[in-house]
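Student: fold the following.
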Amino acid sequence: MKSKIFGLLALTIVAVSCASKKVASPPEPPKPIVAAVQKPGMVDTKINPVARLSGKTLYESNCAKCHTLHNPAEFTQQRWNPILLKMQRKAQLGDDQMIAIKDYIFSLTKE
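Tutor: As a prediction, this is how the structure comes out:
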């Protein structure tokens, strides 16, 4: 009986050690956020209202999952840039989504 248990245990160990293991590939480096071209101190009023609504919707639906939303005017554009870059990685947002969010936030902030 002991030899059967030992044999079964040995067979299980061999099967587990020989099983194919998935090797995690390294994550792709985050793509940089493309900054909107604006003159210093100016708010970009040329953003399409539909695009602004899309950015607002993305901001509210993605950012509110983890924390209370900040008023976009609470920070300057310069202060928002590192925050948005960090949050893009954490929320796993694509560049297009991040650009829409950034355009929305920047439309309500000062340089």
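
Student: wait, what's in contact with the spatially closest residue to Lys56 that is not a sequence neighbour?
Tutor: Excluding its sequence neighbours, the residue lying closest to Lys56 (C-beta to C-beta, 6 or more residues apart in numbering) is Tyr104, at 4.9 Å. All C-beta atoms are positioned from the backbone trio N, CA, C, and that covers glycine. With contacts defined as C-beta atoms under 8 Å, 6 or more residues apart in numbering, Tyr104 is in contact with Ile47, Arg52, Ser54, Gly55, Lys56, Leu58, Tyr59, Pro72.

Student: these two touch, right, the third one and Ala100?
Tutor: Meaning Ser54. Yes: counting by C-beta atoms under 8 Å, Ala100 is a contact partner of Ser54 at 5.0 Å.

Student: which one of those two is surrounded by more residues?
Tutor: Ala100 (22 against 17; other C-beta atoms under 10 Å).

Student: residues near Cys66, how many?
Tutor: Cys66, neighbours per other C-beta under 10 Å, totals 9.

Student: and it, helix, strand or coil?
Tutor: When classified by DSSP: H, G, I helix; E, B strand; the rest coil, Cys66 comes out as coil.

Student: gap between it and Leu93?
Tutor: Cys66 sits 12 Å away from Leu93, going by C-beta to C-beta, to the nearest Å.
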